[in-house]
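1. Kindly return the folded structure for what I paste below:
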Amino acid sequence: MELADRTATWVLAETEAGRLTRGDYLEACLSRIAAREPEVKAWACLEADVARKAAAPGPLSGLPIGVKDVFDTADWPTGCGSPLYAGHRPGHDAAAVALARAAGCVLPGKTVTTEFAYFYPGPTANPHNPAHTPGGSSSGSAAAVGAGMVPFALGTQTAGSVIRPAAFCGVVGYKPTFGTISTFGVKQFGWSLDTVGVFARDLADAALLAEVLSGLPLRPRGDAGAPRIGLYRAARWSVASDPMTAALEAAAAAARAAGAQVAEVELPEACDALFDDQKLVMAYEGARALAHERRCHRDALSAPLLELTDAGAQADPGDYLQARVRTRAARTALGALFAEVDVLLTPPAAGAAPRGLNATGDPAFNRAWTLLGQPCVTLPAGRDSSGLPLGLQLVGGFDDDARLLAAATWLERVLAG
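-> Below is the predicted model:
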């Protein structure tokens, strides 16, 4: 395995033992960026010398991190994937960026986002096949980790923008419980939906970074044992591809053989409207979060973004409020289910990354969990017949991230054989 493909936790252990310097690891990552960036196009802005000069003390000292270009940064432009903000310099760091820097992380640049973290894509390609999408909206962050450019990266999820691209790019994605990591300094789209998440090569790295950013004890301590897994085939199961179905079934069988309790489950009736309610809430809040851009710069906005936000501006406020009421009721109803299981096992996406770069994939398997604020993890789960990655999604109880990560760590070991 090449040095650039090593995990952050491995690098930290090797440097602690005196067998490696973090400068060597940084150079390996910068060399990988130079080699892969012309094809992958993961970076909105990039300068290797800035990263070399930015090393600071801390538990993650010298480790490079990708930062989605909706996070404010004091020393890099924050373009939000839009020509409206080309060259915009906020003059301060978003909270998550400041915390990563305080831990010693260095930024080689900013990673590509779709326009305002919605669906209109940037130039990034899937690192496993550049003819396919990396997913979105955190396309550059997922692709940068998937290509071995950085050990981890920051993203955001308003519909499926961490979990889905992580699956498409063959990496771990972790969207914590809503509000776990501060969104201060992140360009807002949906104030009741936007969630800061992380991409990493394995769960240990994802939990390490999330723990640094949240201050919460998220990393598994000791062996929690085989979890209770609810196999949920999802309301839109019919759109799942055959390889995705097979990967989910294989994971359930492997977990059962390793000692986990695995039982098929259905969501309570209170959850029936979640998919449509998420779309309504996202449109309603997006129209208001982007009020300035819509009022003053409509001509600079993409047709898909205008279509969504115009619909949101015309939506009935009473319908929006009722969607919020139903969401709270559904979260309460789910509490009974998570008393019976530790996690739900379900698809992160319909299948492998679709061909083409004009769209980022369908968030059908993500919308409900984002609206509910539930913590979710993507685990890599092999590849389809064309060699593209497949993933699995584990969903945990609200504010029960530590239990989710412990169960996901157990399943990660099982799937690794």
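2. what about the longest helix in this protein?
-> In the chain, with assignment by DSSP state H, the single longest helix is helix 317-337.
3. what comes up buried for that helix?
-> Residues 320, 323-324, 326-327, 330-331, 334, 337 are the ones in helix 317-337 that count as buried (16 or more other Cβ atoms under 10 Å). All C-beta spots, glycine's among them, are computed from the backbone N, C-alpha and C.
4. Pull out the buried positions in the following helix or strand past that helix.
-> Counting by DSSP states H and E, the next helix or strand C-terminal to helix 317-337 is strand 343-346. Neighbour-count burial for strand 343-346, counted by 16+ other Cβ under 10 Å, picks out 343-346.
5. Among those, which pair sits farthest apart?
-> The most widely separated members of these, counting by Cβ to Cβ, are 343 and 346 (9.5 Å).
6. all helices for the stretch 51-200 of the chain, in order.
-> All helices of the stretch 51-200 of the chain, identified by DSSP state H, counting those that start in this stretch, fall at 95-102, 139-146, 163-169.
7. between those helices, which gets nearest to residue 122?
-> Each of the helices of the stretch 51-200 of the chain has some distance to residue 122 by Cβ to Cβ; the shortest is helix 139-146, at 6.1 Å.
8. could I get the closest one in PDB with only the CA atoms?
-> The C-alpha trace of helix 139-146 is given here as PDB (Å, rounded to 0.1, in the frame of the first residue of the first chain):
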ATOM      1  CA  SER A 139     -18.500  15.900  -4.700                       C
ATOM      2  CA  GLY A 140     -14.900  17.200  -4.300                       C
ATOM      3  CA  SER A 141     -14.500  16.100  -0.700                       C
ATOM      4  CA  ALA A 142     -15.700  12.500  -1.400                       C
ATOM      5  CA  ALA A 143     -13.600  12.300  -4.500                       C
ATOM      6  CA  ALA A 144     -10.500  13.600  -2.800                       C
ATOM      7  CA  VAL A 145     -10.700  11.000  -0.100                       C
ATOM      8  CA  GLY A 146     -11.600   8.300  -2.700                       C
END
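9. I'd guessed residue 298 sits against residue 307; true?
-> No: using Cβ atoms under 8 Å as the test, residue 298 is too far from residue 307 to be in contact (12.0 Å).
10. Can you tell me which residue is spatially central in the protein?
-> When Cα atoms, centre = their mean is applied to the chain, the residue found nearest the centroid is residue 162 (1.9 Å).
11. Would you mind listing the residues in contact with that residue?
-> 138, 142, 155-156, 173-175, 195, 197-199, 376, 378 (Cβ atoms under 8 Å, 6 or more residues apart in numbering).
12. Restricted to strands, list these.
-> 155-156, 173-175, 195, 197-199, 376, 378 (DSSP state E).
13. lowest average confidence, helix or strand, in this protein?
-> helix 48-53 (a mean of 90; mean pLDDT, DSSP states H and E).
14. Now do the phi/psi pair for the residue lying farthest from the centre of the chain.
-> The centre of the chain is farthest from one residue, residue 18, which by Cα atoms, centre = their mean lies 32.9 Å away. Main-chain torsions, residue 18, degrees, to the nearest 10: phi 80, psi 10.
15. Which of the ones in strands among the contacts of residue 162 sits closest to residue 185?
-> Nearest member of the ones in strands among the contacts of residue 162 to residue 185, counting by Cβ to Cβ, is residue 156, at 11.5 Å.
16. can you tell me which residues contact the closest one?
-> Counted by Cβ under 8 Å, 6+ apart, residue 156 has contacts 68, 70, 117, 137-138, 162, 183, 186, 194-197.
17. now, which of the residues you listed sits nearest residue 238?
-> Checking these one by one against residue 238 (Cβ to Cβ), the nearest turns out to be residue 162, at 24.3 Å.
18. where does the residue nearest to the closest one when sequence neighbours are not counted land on pLDDT?
-> Spatially, and ignoring its direct neighbours in sequence, residue 162 is nearest to residue 197 (3.7 Å; Cβ to Cβ, 6 or more residues apart in numbering). Listed pLDDT for residue 197 reads 98.
19. try the one 10 residues further on
-> Confidence per residue is given as pLDDT, and for residue 207 that number is 98.
20. who touches it in this structure?
-> For residue 207, the contact set (Cβ under 8 Å, 6+ apart) comprises 174, 218-220, 405, 409.
21. from these, which is closest to residue 32?
-> For the contacts of residue 207, the nearest to residue 32 is residue 174 (22.4 Å; Cβ to Cβ).
22. Hmm, the closest one is touching residue 200, no?
-> Yes: assessed by Cβ under 8 Å, residue 174 is found in contact with residue 200 at 7.4 Å.
23. Quickly list what's touching both of those two.
-> With Cβ under 8 Å, 6+ apart as the test, residue 174 and residue 200 both reach residue 206.
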